[in-house]
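>>> got a predicted structure plus its sequence, pasted below:
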Amino acid sequence: MNFLKRIKKVVQWFVYGHRATSERYKDFLIKRGAEIGDNFIIFCPNLTIIDTQNAYMLKIGNNVSLTGPVTILTHDYSWKVYKDMDGRILGNQQPVIIGNNVFIGWGATILAGTVIEDNVIIGAGSVVSGHCEANSVYAGVPAKRIMSIEELIERREKRQLTEAKQMQRFYLEKYGKQPDIRLFESYFPLFTSSKNFEEMISIFDDRLSLENNKDVSIHYLKENNKNIFNTFEEFLNSNP
């Protein structure tokens, strides 16, 4: 780590404390009593608010990603309204349980008492409460189940070529030249074939290595990928 990076890290720690990095935030939560699995990532830790009043009531599984800002609450103080009305005290402290392989989108809020099962996507800006069943996509205010993961995969697969060609078109209009292959880091299966397989594996090693399951992605590319083009050049020269 060079000198400037060290200075930046120290400043981040000084300004944001335990919210300076994803790792520090995780360690802080565990020390407060939370149960958190492996590969827990907070993309914007300084913007993310995780309730520590009842940290021992927070359980998060493996391979969970939070974009930011995300809010997770294990209590609710709205009962102050009826306390002001007649003095009544009615607590609201409830656990939040998040399973394995969960993605929580930008700006989502997870309210006290929420259970999110395995393989779930929470859409950006959602307000989540209650129970989210496994292998599902939830979105909205309040968040509702909008489709299964399988349905989302089918929709995304149908959009791959359209989106990739759209990126190419916008790039050409902006810069007057064809984009580099790296621009298509999320779309390279479109032009990955037996002809260039090893080359693509090398170029996009970082993308394949995401989520620590590189071998799984390579196996899928080798056995199940339905490429439309045999090379990147063929993709570039195809009709928009």
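Perfect, thanks for sending it. Numbers count the residues shown, from 1 in each chain.

>>> show me what counts as buried in stretch 26-36.
Neighbour counts over stretch 26-36 (16 or more other C-beta atoms under 10 Å) mark 26, 28, 29, 34, 36 as buried. Quick note: C-beta positions are derived from backbone N, CA and C, even for glycine.

>>> I figured the third one hits residue 50, correct?
Spelled out, that is residue 29. Yes - Residue 29 lies in contact with residue 50 (C-beta atoms under 8 Å); the separation is 6.3 Å.

>>> common neighbours of the two, please.
residue 58 (C-beta atoms under 8 Å, 6 or more residues apart in numbering).

>>> now do the same end-to-end measure for stretch 198-216.
15 Å (C-alpha to C-alpha, to the nearest Å).

>>> avg pLDDT for it?
The average pLDDT within stretch 198-216 is 95.

>>> for residue 223, give its distance to residue 211.
Noted for residue 223: a distance of 19 Å to residue 211, by C-beta to C-beta, to the nearest Å.

>>> looking at the two now, which is surrounded by more residues?
Neighbours per residue, other C-beta atoms under 10 Å: of residue 223 and residue 211, the larger number sits with residue 211, 13 against 7.

>>> narrow the buried residues of stretch 26-36 to those in strands?
Counting by DSSP state E, those place residue 36 in strands.

>>> the buried residues of stretch 26-36: which two are farthest apart?
28 and 36 (10.5 Å; C-beta to C-beta).

>>> tell me how far stretch 56-68 lies from the chain's centre.
11 Å (C-alpha atoms, centre = their mean, to the nearest Å).

>>> so what pairs up with residue 35 in the strands?
Residue 35 has these beta-bridge partners by DSSP bridges: residue 59.

>>> ok, it touching residue 55?
No - assessed by C-beta under 8 Å, residue 35 is found out of contact with residue 55, at 9.3 Å.

>>> which elements pack onto the helix of greatest length in the chain?
Secondary structure of the chain per DSSP state H: the longest helix is helix 149-175. Applying 3 or more C-beta pairs under 8 Å, 6 or more residues apart in numbering; DSSP states H and E, we find helix 149-175 packed against strand 120-122, strand 136-139.

>>> direction included, what does the shortest one pair up with?
What that stands for is strand 120-122. So strand 120-122, judged by DSSP bridges, has these partners: strand 102-104 (parallel), strand 136-139 (parallel).

>>> got a list of what residue 182 touches?
Per C-beta under 8 Å, 6+ apart, neighbours of residue 182: residue 203.

>>> same question for it, what's its three-state structure.
helix (DSSP: H, G, I helix; E, B strand; the rest coil).

>>> any idea how far the residue lying farthest from the centre of the chain is from residue 93?
Largest separation from the mean C-alpha position in the chain: residue 86, at 43.7 Å (C-alpha atoms, centre = their mean). Between residue 86 and residue 93 the computed distance is 21 Å (C-beta to C-beta).

>>> quick one: contacts for residue 106?
67, 68, 69, 70, 124, 125.
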